[in-house]
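Chemist: what follows is a protein structure lacking sequence information:
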């Protein structure tokens, strides 16, 4: 059996590696303008607002019916984030349908943020977050791949892996 077939058999399981949504950036929803970063030696403006920063992203499972129809989608979510950085509320602002909305909402509820700040104080915030679902190229091998990180106990998720057999196909 060619090497390529052996490797494909090793990648059976749920769609994860390539059928994962792409990370996208959050947009601050408030009217406050966030000035450019200040230099370390400048005093902290107590009225300066800094948006929350995503620190723990959670991949949503790709909706099976959308994957079967080769559909992609972008869901815009309105997230409420408390002063500790936990997501306390999730609403769909711009739906994509086909199971994308529910998958994005479930994943976003598990996000963790560095909280927004006004001056040096953490504050609650509401932001818009675009969650993008993209399919791998036609014919790509997908599956679950566990790659241990040698510096921690974490597993690398979302890596794109290219397989080639001895015939270089």
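Modeler: Received, thanks. Predicted model only: the values in this text are computed from it and were never measured.

Chemist: from here on, contacts and neighbour counts on C-alpha atoms
Modeler: Will do.

Chemist: for this protein, what spans make up the helices?
Modeler: 3-10, 64-68, 100-108 (DSSP state H).

Chemist: mean pLDDT lowest where, among those helices?
Modeler: Least confidently modelled of the helices of the chain is helix 3-10, at a mean of 27 by mean pLDDT.

Chemist: which non-adjacent residue is nearest residue 90?
Modeler: residue 79 (4.8 Å; C-alpha to C-alpha, 6 or more residues apart in numbering).

Chemist: my read is that residue 48 contacts residue 122, right?
Modeler: No: shown here, residue 48 and residue 122 do not form a contact pair, counting by C-alpha atoms under 8 Å, at 11.6 Å.

Chemist: residues near the residue nearest to residue 90, how many?
Modeler: 25 (other C-alpha atoms under 10 Å).

Chemist: show the contacting residues for it.
Modeler: The neighbours of residue 79, taking C-alpha atoms under 8 Å, 6 or more residues apart in numbering as the test, are 87-91, 108, 126-129.

Chemist: give me the more crowded residue out of residue 48 and residue 122.
Modeler: Per other C-alpha under 10 Å, whichever of residue 48 and residue 122 has more neighbours is residue 122, with 19 against 14.

Chemist: tell me who's in contact with that one.
Modeler: Counted by C-alpha under 8 Å, 6+ apart, residue 122 has contacts 83-84, 115-116.

Chemist: greatest separation within the residues you listed: which pair is it?
Modeler: Pairwise distances across these (C-alpha to C-alpha) peak at 8.9 Å, for the pair 84 and 116.

Chemist: before we move on, back to that, how close does the residue nearest to residue 90 sit to residue 54?
Modeler: 12 Å (C-alpha to C-alpha, to the nearest Å).

Chemist: repeat that for residue 95.
Modeler: 22 Å.

Chemist: again with residue 73
Modeler: 21 Å.

Chemist: same thing with residue 77?
Modeler: Residue 77 is 14 Å from residue 54, by C-alpha to C-alpha.

Chemist: more neighbours: these two, which one.
Modeler: residue 77 (23 against 14).

Chemist: what's the distance between the more buried one and residue 113?
Modeler: 15 Å.

Chemist: and for residue 99?
Modeler: From residue 99 to residue 113 the distance is 25 Å (C-alpha to C-alpha).

Chemist: so which of those two has more stuff around it?
Modeler: residue 113 (20 against 16).
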